[in-house]
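> A predicted structure for the sequence below; I have some questions about it.
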Amino acid sequence: MEKSLDAALVWFRRDLRAHDHAALYHALKAARQVWCVFVFDRDILDPLPRADRRVEFIRDSLAELDETLRRLAAEAGVPGGGLIVLQGRAEEEIPRLADALHVQAVYTNHDYEPAARERDARVLGRLADLGIMLHTSKDQVVFETSEVLTAAGTCYSVFTPYKNAWLRKLDAFYLRPYPVLPYADAFAPLPEGRRHGVPTLAQLGFELTNLRSLQLPTGTHGALELLDDFLERIDRYDEARNFPAQKGPSYLSVHLRFGTLSIRELARLAWDRMRAGSRGAETWLSELVWRDFYHQVLHHHPQVVQHSYKPEYDAIRFEHGKHADRLFAAWCEGRTGYPLVDAAMLQLNQTGYMHNRLRMVTASFLVKDLGVDWRRGERYFALKLNDYDLAANNGGWQWAASTGCDAQPYFRIFNPVNQSRKFDAEGRFIRRYLPQLAKLPDTALHAPWMARPVELAAAGLVLGSDYPEPIVAHEEARQRTLLRYAAVKSVAPPMRG
């Protein structure tokens, strides 16, 4: 097949794999020589803490990607492949490298976050000045931006109609893979001076974390291990996913975030299993649809990064000053006196992971029990979550705070004790992260302040010393929240009776 380009450059970002990769496929198919690059963007890295599991995850995944690209070239019988890894500002490094390699085009996959879109626009301009094209492809979602719209041609604001339209549109065409191996003979040898390999964490200015002890495998190989394990459990996902002490989730969210697996591959597996009658697969596919939903919301409403999706909710007066700071610090550190909330926050702080049910519970508690602005919690999750994704994180927090599209009604407020009794009845999750409560009976574990003195004594537990008393009373906090939200003109408190 005639190729249209002499040389091209593939810019990897949140797509750290070498299979079913849209940009890589298009570049290899179009160009006689193809190089691959990843930039450790200092604009992103410099504000991060020096021990960040995500940086270590990316670094280890890149090492595997580098090896895979070399292997693909070897299998195609060419001495090419490998990954050029740079540090700097991507908007400067990509045009500089493209110019040095004399490529006619740079290929990359879409990034939908507002800051990334601004960066890509600057890269496009700089490449244009050099006479180099920038080609971008859909790769991290099944349906993007304006592919699923209402009959009026607008962005959906309610999930269920969006999901129904998404499922109606879905067919094999949208889930087809982008094969790389048939075109791998276009991989070019790394040029002199570009053969340094993937830098160490120390060379990046970062420290080792506890990532490897967390049983979170990196790279595509690690992702496939998790996927194989999940496929044995997927039929029970609809039930098991709600219980944090059970092995219910897929644990693939961080791999979706960094693209070590293809979203098309996962959606295809779920779709096939769903059509074969699996309720678990149907529920999991719905979670993948939520992911697309929040990405299209972010694209059409980028103001949600700083503001409520429903503008009137920006008028809510949350707690402020030193009082709010104390409440927020107790929440961050797992010192609220509500065991399920505290165990969840300790899980996040120690592992970078939090069960999805607990993300809803802790977010609701911060906003509707403590009265703290949802944006503070969103930023804390952004700092801590291994799988942090702006669209999903923002969407989840605005859902919990009732400020987002298709959010829970403001008067629906999770009772953390009831959530604990329902979803961790035996206290297995709580005891894992709060061992000081381990000897309390199940009946007292979910609300230690209500335990009988004899139960506290038998457990060797002194409230206020070994474990804090509740930082707020839930029912009183609930009433304050109803008043706080009722102050928004378009909101009225629910009718009683």
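Arrived safely.

> From here on, just use CA atoms for contacts and neighbour counts.
OK.

> where does this protein dip in pLDDT?
The chain contains residues with pLDDT under 70 at 1, 489-497.

> in it, which spans are strands?
Assigned strands in the chain, in chain order: 5-12, 31-41, 84-88, 105-109, 133-137 (criterion: DSSP state E).

> Can you tell me which of those strands is nearest to residue 211?
strand 31-41 (19.1 Å; CA to CA).

> can I get the CA coordinates of the closest one in PDB?
Below are the C-alpha coordinates for strand 31-41, written out as PDB (Å, rounded to 0.1, in the frame of the first residue of the first chain):
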ATOM      1  CA  ALA A  31       4.300   6.800   7.200                       C
ATOM      2  CA  ARG A  32       7.400   4.900   6.100                       C
ATOM      3  CA  GLN A  33       9.300   5.800   9.300                       C
ATOM      4  CA  VAL A  34       7.600   6.200  12.700                       C
ATOM      5  CA  TRP A  35       9.100   7.300  16.000                       C
ATOM      6  CA  CYS A  36       7.400   7.300  19.400                       C
ATOM      7  CA  VAL A  37       7.700   9.800  22.200                       C
ATOM      8  CA  PHE A  38       6.500  10.400  25.700                       C
ATOM      9  CA  VAL A  39       7.100  13.700  27.500                       C
ATOM     10  CA  PHE A  40       7.300  13.900  31.300                       C
ATOM     11  CA  ASP A  41       5.600  17.300  31.300                       C
END
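
> Give me the angle between that strand and strand 84-88.
Strand 31-41 runs at 40 degrees relative to strand 84-88, counting by axes from the mean of the first three to the mean of the last three CA atoms, to 10 degrees.

> quick one: residue 351 from residue 212, how far?
Distance from residue 351 to residue 212, counting by CA to CA, to the nearest Å: 11 Å.

> And residue 349, by the same measure?
Residue 349 sits 16 Å away from residue 212, going by CA to CA.

> Those two: who's more crowded?
residue 349 (18 against 13; other CA atoms under 10 Å).

> Leaving aside the residues adjacent along the chain, what's closest to residue 268?
In this structure, residue 268 finds its nearest non-sequential neighbour in residue 175, 6.1 Å apart by CA to CA, 6 or more residues apart in numbering.

> Sorry, wrong one. I was asking about residue 421.
Spatial nearest neighbour of residue 421, chain neighbours left out: residue 446 (6.5 Å); criterion: CA to CA, 6+ apart.

> Is residue 135 in contact with residue 104, as I believe?
No: judged on CA atoms under 8 Å, residue 135 makes no contact with residue 104 at a distance of 10.7 Å.

> Neighbour count: the two, which is higher?
The neighbour count for residue 135 versus residue 104, taken as other CA under 10 Å, is higher for residue 104 (20 against 16).

> can you count the residues close to the residue nearest to residue 421?
By other CA under 10 Å, 27 other residues sit near residue 446.

> dump the residue contacts of it.
338, 339, 340, 417, 420, 421, 427 (CA atoms under 8 Å, 6 or more residues apart in numbering).

> Of the residues you listed, which belong to helices?
The members of the contacts of residue 446 that map onto helices under DSSP state H are 339, 340, 417, 420, 421.

> between those residues, which has the most around it?
residue 340 (31 neighbours).

> residue contacts, the closest residue to residue 178 other than its chain neighbours?
Spatial nearest neighbour of residue 178, chain neighbours left out: residue 20 (4.4 Å); criterion: CA to CA, 6+ apart. By CA under 8 Å, 6+ apart, the contact set of residue 20 is 177, 178, 179, 180, 262.
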